[in-house]
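Trainee: Structure, please.
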Amino acid sequence: MYALSVKDISVTYDKQLALENVSFAVPEGSITGIIGPNGAGKSTLIKSILQLLPTLSGNVEVFHKPIKSQKKIIGYVPQRSEVDWDFPTNALDVVLMGRYNHIGLFKRANKKEVTWAKTCLEKVGMQDYATRQISQLSGGQQQRVFLARAMAQDAKVYFMDEPFAGVDASTEKAIIQLMKEWKAEGKTVLVVHHDLQTVNDYFDHVLLLNKSPIAYGETQTVFTLDNLEQAYGGKIAFLQKAPATVKEST
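Mentor: As a prediction, this is how the structure comes out:
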């Protein structure tokens, strides 16, 4: 069964073509990395799939149903740079936001919902910061809170936009552990990612993107030097012949 099916997505941004004819299907219970150079449309792809951006064309299905009817089973972790961290709320309330699809936007969370939110904070090591304002947390702590929010959604398909950007090693380890737990539970995870050296270790499948798909499939098949050269236009530093040692040049 495919958890996600994307067909012929095209998007314009500032009158420029940002994505062109992107199609791929993601198996249930897998972790997929979306990689490509800066400006390749990776974040745009996730937002267009989630209907946060308008599309020129295309169709998206989640478990063979239109995505608009499947919002309750979708979780989303945005880039940290897109979050207003000065918004006056604490960590527990942020996590409870992940329950709005279940309890309703204007209803007060009951004791059961609050207990679940606290459990999610505990799973990411943030139980002692439940009443702390999010503006007072470090970057890694903020990311953990958003992971807890995603966990609170109890989704079947998760989208994560550069979750490892600017976090410490312990937070990165916590993110990887959570992704593996979701996979073990049969859930599906898509991750926008930029660190090429960890691709082989983190992902079952890879979508290599540069406005149009360069290649998609199992990581060991897609993550090759030839495909990377094609995607990055030669802007790759080849340290060795193994893809795991390839990194994007600055």
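Trainee: Show the residue spans covered by the helices in the protein.
Mentor: The residue ranges that make up the helices of the chain, judged by DSSP state H, are 42-49, 91-96, 100-103, 111-123, 139-152, 169-184, 199-202, 219-222, 225-232.
Trainee: name the helices or strands packed onto the fourth one?
Mentor: So that's helix 111-123. Other helices and strands packing on helix 111-123, by 3 or more C-beta pairs under 8 Å, 6 or more residues apart in numbering; DSSP states H and E, are helix 91-96, helix 139-152. Bear in mind the C-beta positions are built from the backbone N, C-alpha and C, glycine included.
Trainee: what do you get for the longest one?
Mentor: Helices and strands in packing contact with helix 169-184 are listed as strand 31-35, helix 139-152, strand 157-161, strand 188-192; criterion 3+ C-beta pairs under 8 Å, 6+ apart.
Trainee: Which of these sits closest to residue 70?
Mentor: strand 157-161 (7.9 Å; C-beta to C-beta).
Trainee: right, so of the helices and strands packed on helix 169-184, which gets closest to residue 63?
Mentor: Evaluated over the helices and strands packed on helix 169-184, closeness to residue 63 peaks at strand 157-161, with 8.2 Å, by C-beta to C-beta.
Trainee: Let's have the helices and strands packed on helix 169-184 in CSV, adding mean neighbour count and mean pLDDT.
Mentor: Putting these into CSV (neighbours: other C-beta atoms under 10 Å; pLDDT from 0 to 100) gives the following:
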stretch, mean neighbour count, mean pLDDT
strand 31-35, 24, 98
helix 139-152, 23, 90
strand 157-161, 24, 96
strand 188-192, 25, 97
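Trainee: All good on my end, thank you.
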